[in-house]
Structures are given as C-alpha cells and as structure tokens.
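Colleague: fold the following.
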Amino acid sequence: MSTTIAVLGAGAWGTALAVVLARAGHRVTLCARRAEHLAAMRTARENSAHLPRVKLPRALVLSNRWAEAASASEVVVMAVPSRFARAAMAPVGSAIGRSATVVSVTKGIEEDSLKTMTAMLAEVAPAAGHFAAFSGPAFATEVARGKPAAVVAAARDESVARSVQELFASRSLRVYRSTDVHGVELAGAAKNVIAIAAGISDGLRLGSSARAGLITRGVAELTRLGLRAGARAETLAGLAGLGDLVLTCTCDLSRNRTLGLRIGRGEDAPAAIASTTSGDAWVAEGASNARSIERLAARMGVEMPIVTAVCRVLYDGARANAMVEELLSRELKAEF
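Modeller: All right, here's what the predicted structure looks like:
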C-alpha cells in the first residue's frame, strides 16, 4: 500500500531514504532548505552535493515547502542534523497532522536541553499522532545503491514500531523493530563521539589493538549511560548500539572517524571541525554531540572518560596524544 511521506532534510541520509521509499512505490516529497540546492537537484535529478552518482527516481517530488509537504503526509521523516533540528522543525510542527507518524532518522542530543530528537519533536509537533526513531549501522551511499544493511525502527507503541518497520523495509534494507526508543537514540548519539576517538587513535597510528580497546571501552561507556537512562541492555548490544559503533569506528565512510583521523594526523581541532560543516549541515554529528553527551553523563553521574577526553581535544585545546596519555594513565581497575 502506498503511503504519502515527507522527508525533511536533503542531506545524504535524507536523500538516500527518500530514494529507497520512492523506489518502493510510496508518494515521497524530499524537502531541501536552500533554493540553490533544490534547483541543482531538479536540474540534475541527483543530489550532487551530498549523495553524488545516485539518480533520483522520477516519481520523487522535490520541494522547499516544508510545512505544505508535512501537512499533506501520513509520515514525516526528520533528517536534519541535530544541531539545527529544533530551528528547522519548529515552524513545521503545527502543520503536522494528528494522525501522522513523525520519524527521526537523526542521531544526536540537543546541546541546550539534552533532549533526544523524538523528545524535541514531541515539543515542537505536539499534535502529531506518533513518534519513532530509525537508526543503526548503515551508510547513506550504500543504502541508496541497494547494498545490504540492517537497522532498527523504534517506537514506544509496538504497532507503530511495526508500521515504521514495514514502511522502510526492502529487499536490501533489513529493518528490525524495538520499543526502546530512548536506548536507540542514546546509543546513536554516543557512538559518534567514540568514533572520533577511534579516528584520533588511527591518525596517531597507534594500531589495531588500540582501536579494538577503544571500541570495547566505548561500548562500556555507552552501556553505562544507557542503562542509567533506563535503556535496555540488549538495545545497547544490538544494531543501534554495538553494531553502529563498530561501523562508525572502523569504516572510511564514517565522517566522525574521518574528523578524528584529521586531528590525529596533526590538524588543528577547530579547523577540522569547521571543515566538517557544509553549508548549514553539520556533517560530523559527534563534534556537536560530544559536549551534550558529556553534560548528560555528568547530570546522571556516569563516568565516560573517552567522551571527556574527546571533548578536551575538540574544545579545550588538548593535544591528540594527550587524549591517549590521559586514558592510559587512569587508575588500574577491574574490567567489570
């Protein structure tokens, strides 16, 4: 059955999902913010800026009328970077219908409020019927090209989770469902910060053993935070947690790992962060979310030394190798 869908945000991930949904026969509108970006996509039938060499289906509608598209849709997909999500969605929220399902495909925590994306959406679109999160180890370029991937759709209501699961599932995109929305969202945000640390380690040429140690201890940090926040252990060990963490920490397509690599190779952190901004799109979500995760952990009384070390490198002027020295010089303790 065909569903009317508005995808708000024409970055790589939003475009990839719009392409997948349009190919499946749904009535999809992909909304861009900048007029020049929209014009370029209409001319080339391709999002050359964020997802090059992927042709947009003819049936995919391109627009910059966000509220109009949202008001006419049964499902609204938010694909805006977390740093800009509230500002982008606030003018649209009142247009979203009472029966609509709003799906966040953004991995992040608001810096000021420390809210997850679905919590923020519930504030700006209070009339919407349902909210869901969509996350997991999948890169936009691979999903758009039909390469196999497995992700998770989460909603507090099992029936809503199932409907989102069925909506996004395709022959190449395996979608599981969950009712642990908080766990899925926290894991998706925290893993990006750990990936920056893994990139710094690789940039310093510390070797595969160091990377494996960082990933494993990163899982421990992510798990401590998630469990304290009420997430389920199996969520943190699943696709949205461990699965996404491994992918983001080890693959060259990872923008967060790439940011860490550049810093580890000697690039000044502020310059490296600035270069991860394309127009108004924050590309490496971990750079924005490092401080959010650190503040959230402090509020909950959770120790996250890797996250703290990354924040010191990104924002306090600490040297990349100081991060390693700081982590290695910590007091000896039992693993669990």
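
Colleague: all contacts plus neighbour counts: C-alpha atoms, from now on.
Modeller: Noted.

Colleague: strands along the stretch 51-200 of the chain, start to end?
Modeller: 51-55, 61-63, 75-78, 101-104, 130-135, 149-154, 173-178 (DSSP state E, counting those that start in this stretch).

Colleague: can you lay out those as CSV showing mean neighbour count and distance to residue 246?
Modeller: What follows is the strands of the stretch 51-200 of the chain, written out as CSV (neighbours: other CA atoms under 10 Å; distance: least, CA to CA, whole Å):
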stretch, mean neighbour count, distance to residue 246
strand 51-55, 15, 23
strand 61-63, 20, 34
strand 75-78, 26, 25
strand 101-104, 25, 22
strand 130-135, 26, 14
strand 149-154, 23, 13
strand 173-178, 19, 18
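
Colleague: so which helix or strand of this protein has the lowest pLDDT on average?
Modeller: Within the chain, no helix or strand scores below strand 281-282, which has a mean of 46 by mean pLDDT, DSSP states H and E.

Colleague: tell me the helix or strand right after it.
Modeller: Downstream of strand 281-282, the next assigned helix or strand under DSSP states H and E is helix 285-300.

Colleague: for that next one, buried residues please.
Modeller: 285-297 (16 or more other CA atoms under 10 Å).

Colleague: now the angle between helix 285-300 and the helix or strand following that helix, please.
Modeller: In the C-terminal direction, the helix or strand that comes right after helix 285-300 (DSSP H and E) is helix 305-315. With axes from the mean of the first three to the mean of the last three CA atoms, to 10 degrees applied, the angle from helix 305-315 to helix 285-300 works out at 130 degrees.

Colleague: give me the contact list for stretch 228-236.
Modeller: 180, 182-184, 187, 222-223, 226-227, 241-242, 300, 302 (CA atoms under 8 Å, 6 or more residues apart in numbering).

Colleague: adding distance to residue 148 and pLDDT, write the residues you listed out as a markdown table.
Modeller: Shown next, in a markdown table, are the contacts of stretch 228-236 (distance: CA to CA, whole Å; pLDDT from 0 to 100):
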| residue | distance to residue 148 | pLDDT |
| --- | --- | --- |
| 180 | 24 | 98 |
| 182 | 26 | 95 |
| 183 | 24 | 97 |
| 184 | 20 | 98 |
| 187 | 22 | 96 |
| 222 | 26 | 95 |
| 223 | 27 | 96 |
| 226 | 28 | 96 |
| 227 | 30 | 97 |
| 241 | 18 | 97 |
| 242 | 18 | 97 |
| 300 | 37 | 96 |
| 302 | 36 | 97 |
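
Colleague: could you identify the most distant pair in the residues you listed?
Modeller: The span of those, defined through CA to CA, is set by 242 and 300 at 21.4 Å.

Colleague: looking at the strands of the stretch 51-200 of the chain, spot the one closest to residue 34.
Modeller: Of all the strands of the stretch 51-200 of the chain, strand 61-63 comes closest under CA to CA, at 10.1 Å.

Colleague: which secondary structure elements does that closest one contact?
Modeller: The contact analysis (3 or more CA pairs under 8 Å, 6 or more residues apart in numbering; DSSP states H and E) places strand 61-63 against strand 27-31, helix 35-44.

Colleague: to residue 101, which of those lies closest?
Modeller: Nearest to residue 101, of the helices and strands packed on strand 61-63 and by CA to CA, is strand 27-31 at 14.4 Å.

Colleague: what is the closest one packed up against?
Modeller: strand 4-8, helix 12-23, strand 61-63, helix 66-71.

Colleague: just give me how far it sits from the chain centre.
Modeller: Its chain's C-alpha centre and that of strand 27-31 lie 20 Å apart, by CA atoms, centre = their mean, to the nearest Å.

Colleague: angle of it against strand 4-8?
Modeller: 20 degrees.

Colleague: contact partners of strand 27-31?
Modeller: 2-10, 14-15, 18, 21-22, 59-66, 69.

Colleague: could you pull up the residues touching the nearest residue to residue 108 once chain neighbours are set aside?
Modeller: Closest residue to residue 108 apart from its sequence neighbours, by CA to CA, 6 or more residues apart in numbering: residue 189 at 4.4 Å. Each residue near residue 189 by CA under 8 Å, 6+ apart is listed here: 107-109, 285-286, 289, 293.

Colleague: so which of those comes closest to residue 170?
Modeller: When those are compared for distance to residue 170 (CA to CA), residue 107 wins out at 21.8 Å.

Colleague: can you get me a residue count around the closest residue in space to residue 195 that isn't next to it in sequence?
Modeller: Sequence neighbours aside, residue 249 is the residue nearest to residue 195 in space, at 4.4 Å (criterion: CA to CA, 6+ apart). Counted by other CA atoms under 10 Å, the residues lying close to residue 249 total 29.
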